[in-house]
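J.: coords please:
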Amino acid sequence: MARNPDILVVGGGIVGTAIAYRLAKDGLAVTLLERGEIGREASWAAGGMLTPVHLAEYPGPLAEICAASLALYEPLCGELAGLSTVDPEYRVTGLLLLITSEQGARDAAMLETWKREHGQPCRGLSREEALAIEPRLTPALQGALHLPDIAQVRNNRMAVALAEAAVKKGAEIRTNAPVTGLLRVPGRVNGAKTARGDVYAGTTVLAAGAWSPEILRPLGIELAVRPVKGQMLLAGGPPDFCRHMVLDGESYLIPRADGKILIGSTLEEKGFDKSVTIDAVGSLAERGSRLMPEIASLPLVASWAGLRPATPDRLPYIGRAPLDGLVFATGHFRNGILLAPITAEIVADLLSGEPASVDLAPFDPMRVPVSS
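T.: Model (predicted):
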């Protein structure tokens, strides 16, 4: 009879699978429970841009943890290449922050100052210089800020690659296994309830994104995570149609290696509604063609919506819960793809008793009212 796992991970998105892989590498017995298929919720619906949108406006602790996580990405993808059949397509394509208005010029100036203060590469480009490296950009272009070190990953593949790698390291992955609640003995959590039976574990890691609060509620714990809907489009184009990620305000383009181009995105307070709306499709198509007019003639390949797990202060909850035996790794909002590697490292440090590589105080789950 199989023994109970050391660690139970609830949630099979990119954060949960990164944690499962990292802990399995340490030789821990890990079981992961996913309500549906691996990586099919927020991780599937994201863009895969490995930088926060409008980085200079982010809280300092979030910018710092994002930089720490980015440094882990390339070596992690190198590990996955030997353990998974899925290529997450980690690529350093760089990003162009367009200047098409006075506000855009202010945004570019603020980000350039921030990047230089943090020793990160950037270069202001004239209109002609920007068009020389990305010739299909909007006629409204006045200039651009070039961030050559910004990378991307094929996010809908990354969680699957991590799950495969975790299994190779001995983890058990159970899909279509929704968690209906957590198991509790006096003073601690000792596993989770599922429709197919209870799963006991020494420590449970909650990485269920926007669904985390409903799993916690039966324990009397209220966690301030809410779903924020995001809709996106995928256009089909030839390779090199667009060579860089392109950002202007809240509109962005993310080119894939095969020529497909993501157009994003919306921010909507719609609860758990994941429907794709005609209004959003039209708006995103218009926004995409405003950045690069020739996109309007490309075929529409797909559209979708996902639910980002947002917190009141935009910082994720990473740390120990009010009950022993429970660790939070949720609330990553728009940065779950980027923050998955560092979140996994932090959880590994917490479980081993080692000091974390970053200051965890800003991400403490107890920083907002949590009762049990």
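J.: Could you pull out the buried residues of the longest helix along the chain?
T.: Counting residues, the longest helix found in the chain (DSSP state H) is helix 60-81. Neighbour-count burial for helix 60-81, counted by 16 or more other C-beta atoms under 10 Å, picks out 61-63, 65-70, 72-73, 76-77, 80. Where you see a C-beta, it was placed from the backbone N, CA and C, and this is true even at glycine.
J.: May I ask which two of the residues you listed are separated the most?
T.: Greatest spacing in the buried residues of helix 60-81, by C-beta to C-beta: 61 and 80 (27.7 Å).
J.: Can you report how many residues neighbour residue 251?
T.: By the criterion of other C-beta atoms under 10 Å, residue 251 has 18 neighbours.
J.: so which helix or strand takes in the nearest residue to it once chain neighbours are set aside?
T.: Nearest residue to residue 251, sequence neighbours excluded (C-beta to C-beta, 6 or more residues apart in numbering): residue 287, at 4.1 Å. Using DSSP states H and E, residue 287 falls within helix 278-291.
J.: and the next element down the chain from that helix?
T.: strand 300-310.
J.: From the contact counts, what lies against whichever helix or strand comes after that following strand?
T.: As assigned by DSSP H and E, the chain's next helix or strand after strand 300-310 is strand 317-320. If you count contacts as 3 or more C-beta pairs under 8 Å, 6 or more residues apart in numbering; DSSP states H and E, strand 317-320 packs onto strand 326-330, helix 336-352.
J.: Same list (these) but as CSV, adding mean neighbour count and mean pLDDT.
T.: Below are those laid out as CSV (neighbours: other C-beta atoms under 10 Å; pLDDT from 0 to 100):
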stretch, mean neighbour count, mean pLDDT
strand 326-330, 28, 98
helix 336-352, 24, 97
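J.: right, so of those, which gets closest to residue 358?
T.: Using C-beta to C-beta, the helices and strands packed on strand 317-320 put helix 336-352 closest to residue 358, at 7.0 Å.
J.: Just confirm residue 14 contacts residue 162, I think it does.
T.: Yes - using C-beta atoms under 8 Å, residue 14 is in contact with residue 162, at 6.8 Å.
J.: any residues in contact with both of those two?
T.: Residues touching both residue 14 and residue 162 (C-beta atoms under 8 Å, 6 or more residues apart in numbering) are residue 340.
J.: how far away is residue 224 from residue 366?
T.: Distance of residue 224 to residue 366, given as C-beta to C-beta, to the nearest Å: 11 Å.
J.: whoops, residue 60 was the one
T.: Distance from residue 60 to residue 366, counting by C-beta to C-beta: 20 Å.
J.: now residue 353
T.: Distance from residue 353 to residue 366, by C-beta to C-beta: 19 Å.
J.: The two - which one has more neighbours?
T.: The neighbour comparison of residue 353 against residue 366 (other C-beta under 10 Å) goes to residue 366, with 12 against 6.
J.: my read is the more buried one is in a strand, agree?
T.: No - counting by DSSP: H, G, I helix; E, B strand; the rest coil, residue 366 is not found in a strand; it is helix.
J.: Need the pLDDT of the closest residue to it other than its chain neighbours.
T.: Once flanking residues are discounted, residue 366 sits nearest to residue 322: 6.9 Å by C-beta to C-beta, 6+ apart. Residue 322 is assigned 91 on the pLDDT scale.
J.: My read is that residue 322 contacts residue 222, right?
T.: No - Residue 322 is beyond contact range of residue 222, at 10.6 Å (criterion: C-beta under 8 Å).
J.: residues near the residue nearest to residue 251, how many?
T.: Here the count is done by other C-beta under 10 Å, and residue 287 has 21 residues near it.
J.: going forward, begin numbering at 44 instead of 1
T.: Noted, 44 is the first residue going forward, which turns the last one into residue 330.
J.: list the helices and strands the helix or strand following the longest helix of the chain packs on?
T.: Counting by DSSP H and E, the next helix or strand C-terminal to helix 103-124 is strand 134-135. The contact analysis (3+ C-beta pairs under 8 Å, 6+ apart) places strand 134-135 against strand 194-195.
J.: which residues touch the strand it packs on?
T.: Applying C-beta under 8 Å, 6+ apart, the contact partners of strand 194-195 are 90-93, 113, 116-117, 132-136, 288, 297.
J.: Looking at those, which is nearest residue 174?
T.: For the contacts of strand 194-195, the nearest to residue 174 is residue 288 (16.4 Å; C-beta to C-beta).
J.: helix/strand/coil for the nearest residue to residue 308 once chain neighbours are set aside?
T.: Distances taken as C-beta to C-beta, 6+ apart put residue 273 closest to residue 308, at 4.6 Å, once the chain neighbours are dropped. On the three-state scheme (three-state DSSP), residue 273 is labelled strand.
J.: Roughly how far does residue 273 sit from residue 82?
T.: If you go by C-beta to C-beta, the gap between residue 273 and residue 82 works out to 16 Å.
J.: more neighbours, those two?
T.: Each of residue 273 and residue 82 has its neighbours counted (other C-beta under 10 Å); residue 82 has more, 25 against 22.
J.: confidence score at that one?
T.: 96.
J.: quick check, it in a strand?
T.: No - judged by three-state DSSP, residue 82 forms no part of a strand; its state is coil.
J.: wait, what's in contact with it?
T.: 55-57, 60, 198-199, 201-203, 206.
J.: which residue packs closest to it, ignoring adjacent ones?
T.: Residue nearest to residue 82 in three dimensions, not counting chain neighbours: residue 202, with 2.8 Å by C-beta to C-beta, 6+ apart.
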